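Chemist: with the sequence up front, the predicted model follows.
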Amino acid sequence: MLKRVCCGTVILHLALGLAGCAADAGDPASGESAVPFGRGGSAPAMDMKILAAGSGVPSVWGPADKSFLGTSTTSTSRVYFTGHRGIVSEVFYPVLDTVNTVDLQFLVGDTAKTFVDEEKLQDYTVTQPDKRSMRWQATTTSGQHSWRITKTIFTDPGRNALIQRVKFDALNGRNVTQFNLYLLHNPAMDNSGAGDTSRTVTAGTRTMLVASENSRFSALAISRAWKAGAGGLPMVSSGFVGQTDGWTDLLGGNSDRTMSWRNDLASGGNVAQMGWIDLGASAVTSVSFDVVLAFGATQAEATSTANATLGSNLATLQGTYDSGWKTYTNGLNNQGGTADDQYYLAAMALKTIQDKSNGAMIAGMGTPWGESSGDSNNGGYHLVWPRDLFKFAGALVTAGDTATATSVVNYLFNTLQQTSDCGGSEYNAEGCPQGYSRVGRFPQNAWVSGWQYWQGTQMDEQAMPIILAWRLGASVYNPLWPRIKKTADYIVKTGPWTQQERWEENSGYSPSTIAAEIAGLVCAATIARANGDTASAARYLAAADYWQQSVDRWTFTTTGFHGEDGRYYIRMNTAERGNTGTGPQIYNPVSGPDAAIMITHGNGGGTHDQRYIIDGGFLELVRMGVKRANDPSIVATLPKYDEVLMRKVPNKGYAWFRYNYDGYGEKNDGGAYDGLTGRGRLWPIFTAERGMFEIAKTGMGSNGVSFLNTVKAFSTPQGFIPEQVWSEETDVTGWDVDLPMGATAGTPTRSMSPLNWAMGEYISLLASIRAGKVVDIPSVVCGRYNACVVPPAAGEVAVTFDVTAQTVTGQHVYVTGNTPALGNWNTDLGIPLAVDTTTYPVWKNRVNLPVSSAVQYKVYRKNADGSVTWENLPGGGNRTMNTPASGTLARNDTVTW
């Protein structure tokens, strides 16, 4: 029994030839015709179609470990491609969150019908013929069956088409007449593997395979002829995966290893397309041809694009494609000549994942463990996370590409930022079209359009867009000030407690999240003052200072389980926010980091005392400029972090787990992550983070070199840095992590490769090595908290304050004065002085003030409730100083209250 589509409805018929159906959205356009043909015998009448039966097995996405990816630098071409094991895998069009292809590969058989090889299962190499272009060459070889396929892969710079320039070689004395070559395509139109339609279409002089769903159409065409079958009709077919598709035809249980099915239409399921390529009758050893996969909003647009691309000079298109990337890389900062090929690859990879419609950048071009994940996970990593976006947009700033980062900031505030209040709380937002929202809030993640995907709130993601805007300067942030203010107000109202921290699993007080919030508020205060809003600036700094002064009290345990003294930052203090008091106490948690609170991880890690779980989030306190690298709490935590989570991979170097009892990874037997029994492995990104911490600690770029080399060692042969790499069998404080059979320690797992965040960190680490400092620490933050030295600008001189003052717990010392740099006597805009157990009772900081100026200033303290006590000076006057015309000035004051 065969299926026929009539007026968009699937109807069962015992015979063919039913006429009278109106054309649907997938019917041939003007100048095109559906090609009718049968499975052998005489050709059917021209109004008859052979339709595939079934609907296909459930669809899955492609593997997430990519061997190539790319797009044109032009805005005209909206096609973005990836590859796995040398074949094309996910292809995105017209935006970077929308998959339309799962894989596109060759099947190779012999005319004697003794074998059929799948291209993706053979030995392969993937290289960049030009290291300054995202054009790729993939070579796949079967030594056993004596064939080789070499493909050059790029996109048409002026059209929505993917191009593969293919050479098929017969080896070891064979010739091409001894082989059968098939092209197999698995569409997943409009980000869905189910519900697709595939049909054979004649457009001009070419027979093409067209796939469609909704307003997404693809057209697969080749420059050679398809093999002629019975009646002289081309051997192309549409079928349902696992039932009537080409793979089942060639390799199924009853297969004769030769294509025999020729279905004209498969509609409403998980479809696949196959065509038999005519290699010719000459006994030559090599044949070259081109394959184009074109896209459009209609069938006519897709097929006409395919014809136009195949009708062009493809060598010229290749040159134009390369030229665009060379122009881009020539404009990058070469870091004083230290930038290597992997640096440029990282920058190009990041540019590749910027959507051309609105500037958004996605976390990764794939779905982790995609081969075990289907349509129910249609977001994968090809979504926008503000945190990831901040990280790799910032890396591009470091690389010299401020234009991309500027478009990112404008996307964040003009598209992604929410503008209304709706819903009671996260995941409790009935009646809200996009789910939970608050004015000024950024969603946990979103589609490229800005439409919210998950509904969690991550407070670091609220702060990071502000930091990025500040880094790009006044020309970027001043026009956005009204929107930046909304987010800063939201942070003050909601933080420092977060509904999720950076690993998206638990709520409470997180060192990494708090670090970002503090930095975001300090940057927001700077922007507010530039726009004349000193009231907002004072409010932001008052909150930021209190959080900076309280982060240890909130997240640093003194009764932990690791190390001899039990003193370190925990991953999360899972207490709720107290919301009591009239001053800054409103931000305090209901319990501290020494409380024996049990925490359950969201990915199968189990339930544990919060003091038992440690991660590297505390290093963000240094990276964000909130604490100096030699802060006693940072120093105390570091050896515990290394002891619990650091492992050495032989012949590669050191890497770290995310945290103990992390379940985000493959099962111990190698099975795909399912959220229940997985084991997180080592993350190369932490090697880069740790390298930058070593630079921050010593001020010596050379101390980061070994970490950079280790990150490179963890990369794929193409230079892509994965999310996770396999660890050797180990115990992570009671959490057994095994190396599955066949896996090699230090090579990518199946989670995600490349991870764009990691690619960005490579850029940042290399630049920091060259600079001898961490290049992306916000100077306005580290300067405020005495965590770095900010060089004076022209017309300024550095003044150091060393103030001896007795205080009790909860009190902090400040200085203010009659200049904007000292806050103009506003006690919320004054400069906090830093102290710890190694310097008390001397409080220190450094401020850049105008040269040759008479300055009045005074010391005060902020008490735990936010009230202010001024120093007690004879006569109640102010202190005075005259700044020099050059050099520095040191002030050493002793105060009484």
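Modeler: It's in.
Chemist: and the most centrally placed residue in the chain, what is it in contact with?
Modeler: Centroid check for the chain by C-alpha atoms, centre = their mean gives A363 as the closest residue, at 1.8 Å. Neighbouring residues of A363 by C-beta atoms under 8 Å, 6 or more residues apart in numbering: 381-385, 388, 445, 755-757. From N, CA and C alone the C-beta is placed, and that goes for glycine too.
Chemist: which stretches of the chain aren't confidently modelled?
Modeler: Counting by pLDDT under 70, the chain contains low-confidence residues at 1-48.
Chemist: pull the CA atoms of the lengthiest helix in it into CSV?
Modeler: Criterion DSSP state H: the longest helix present in the chain is helix 534-555. Taking Å, rounded to 0.1, in the frame of the first residue of the first chain, the C-alpha atoms of helix 534-555 are listed here in CSV:
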residue,chain,number,x,y,z
THR,A,534,24.9,60.5,40.4
ALA,A,535,22.0,59.2,42.5
SER,A,536,22.0,55.9,40.6
ALA,A,537,25.7,55.7,40.7
ALA,A,538,25.7,56.1,44.5
ARG,A,539,23.1,53.4,44.8
TYR,A,540,25.0,51.0,42.6
LEU,A,541,28.3,51.6,44.4
ALA,A,542,26.7,51.2,47.9
ALA,A,543,25.4,47.8,46.9
ALA,A,544,28.6,46.7,45.1
ASP,A,545,30.8,47.7,48.1
TYR,A,546,28.6,45.9,50.6
TRP,A,547,28.7,42.8,48.4
GLN,A,548,32.4,43.0,48.0
GLN,A,549,32.9,43.4,51.7
SER,A,550,30.5,40.5,52.5
VAL,A,551,31.4,37.9,49.9
ASP,A,552,33.7,36.0,52.3
ARG,A,553,31.1,36.1,55.0
TRP,A,554,28.6,34.7,52.6
THR,A,555,30.6,32.1,50.7
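Chemist: enumerate the positions of that helix that are buried.
Modeler: Neighbour counts over helix 534-555 (16 or more other C-beta atoms under 10 Å) mark 534, 536-552, 554-555 as buried.
Chemist: what does the helix or strand just after it rub up against?
Modeler: Per DSSP states H and E, the first helix or strand lying C-terminal to helix 534-555 is strand 556-557. For strand 556-557, contacts defined as C-beta under 8 Å, 6+ apart pick out 566-570, 593-594, 611, 633, 637.
Chemist: show me what the helix or strand harbouring T710 is packed up against.
Modeler: Using DSSP H and E, T710 sits within helix 705-714. Helices and strands touching helix 705-714, by 3 or more C-beta pairs under 8 Å, 6 or more residues apart in numbering; DSSP states H and E, are strand 653-657, helix 684-698, helix 756-771.
Chemist: mind checking which of those is nearest K113?
Modeler: Taking C-beta to C-beta, helix 756-771 is the member of the helices and strands packed on helix 705-714 nearest to K113, at 45.1 Å.
Chemist: centre of the chain to whichever helix or strand comes after the closest one, how far?
Modeler: For helix 756-771, the following helix or strand on the C-terminal side (DSSP H and E) is helix 779-784. Its chain's C-alpha centre and that of helix 779-784 lie 27 Å apart, by C-alpha atoms, centre = their mean, to the nearest Å.
Chemist: now helix 779-784: buried residues?
Modeler: For helix 779-784, by 16+ other C-beta under 10 Å, it's 779-784.
Chemist: now do stretch 158-169
Modeler: For stretch 158-169, using 16+ other C-beta under 10 Å, the buried residues are 158-166, 168-169.
Chemist: okay if I get those residues as a markdown table plus secondary structure?
Modeler: Below are these laid out as a markdown table (DSSP: H, G, I helix; E, B strand; the rest coil):
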| residue | secondary structure |
| --- | --- |
| G158 | coil |
| R159 | coil |
| N160 | coil |
| A161 | strand |
| L162 | strand |
| I163 | strand |
| Q164 | strand |
| R165 | strand |
| V166 | strand |
| F168 | strand |
| D169 | strand |
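Chemist: which one of the residues you listed is nearest D97?
Modeler: Nearest to D97 among the buried residues of stretch 158-169, with distances taken as C-beta to C-beta, is N160, at 16.1 Å.
Chemist: that closest one contacts F81, doesn't it?
Modeler: No: applying C-beta atoms under 8 Å as the test, N160 and F81 come out as separate, 11.5 Å apart.
Chemist: for N377, see how far away the nearest residue to W369 once chain neighbours are set aside is.
Modeler: Once flanking residues are discounted, W369 sits nearest to A672: 4.0 Å by C-beta to C-beta, 6 or more residues apart in numbering. Between A672 and N377 the computed distance is 12 Å (C-beta to C-beta, to the nearest Å).
Chemist: got it, and I353?
Modeler: Applying C-beta to C-beta to I353 and N377 gives a distance of 19 Å.
Chemist: who's more crowded, these two?
Modeler: I353 (25 against 14; other C-beta atoms under 10 Å).
Chemist: ok, now which ones touch that one?
Modeler: 69, 80, 96, 361-362, 364-365, 756.
Chemist: what's the answer for A463, then?
Modeler: Per C-beta under 8 Å, 6+ apart, neighbours of A463: 487, 491, 516-521.
Chemist: rewinding a little: now render the buried residues of stretch 158-169 as CSV, adding distance to R216.
Modeler: Shown next, in CSV, are those (distance: C-beta to C-beta, whole Å):
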residue, distance to R216
G158, 20
R159, 16
N160, 11
A161, 14
L162, 14
I163, 19
Q164, 20
R165, 25
V166, 25
F168, 30
D169, 35
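Chemist: out of these, who's nearest A346?
Modeler: L162 (22.8 Å).
Chemist: the closest residue to that closest one other than its chain neighbours: neighbouring residues, count only.
Modeler: Closest residue to L162 apart from its sequence neighbours, by C-beta to C-beta, 6+ apart: L293 at 4.5 Å. L293 has 30 neighbours, counted by other C-beta under 10 Å.
Chemist: perfect, I'm done here.
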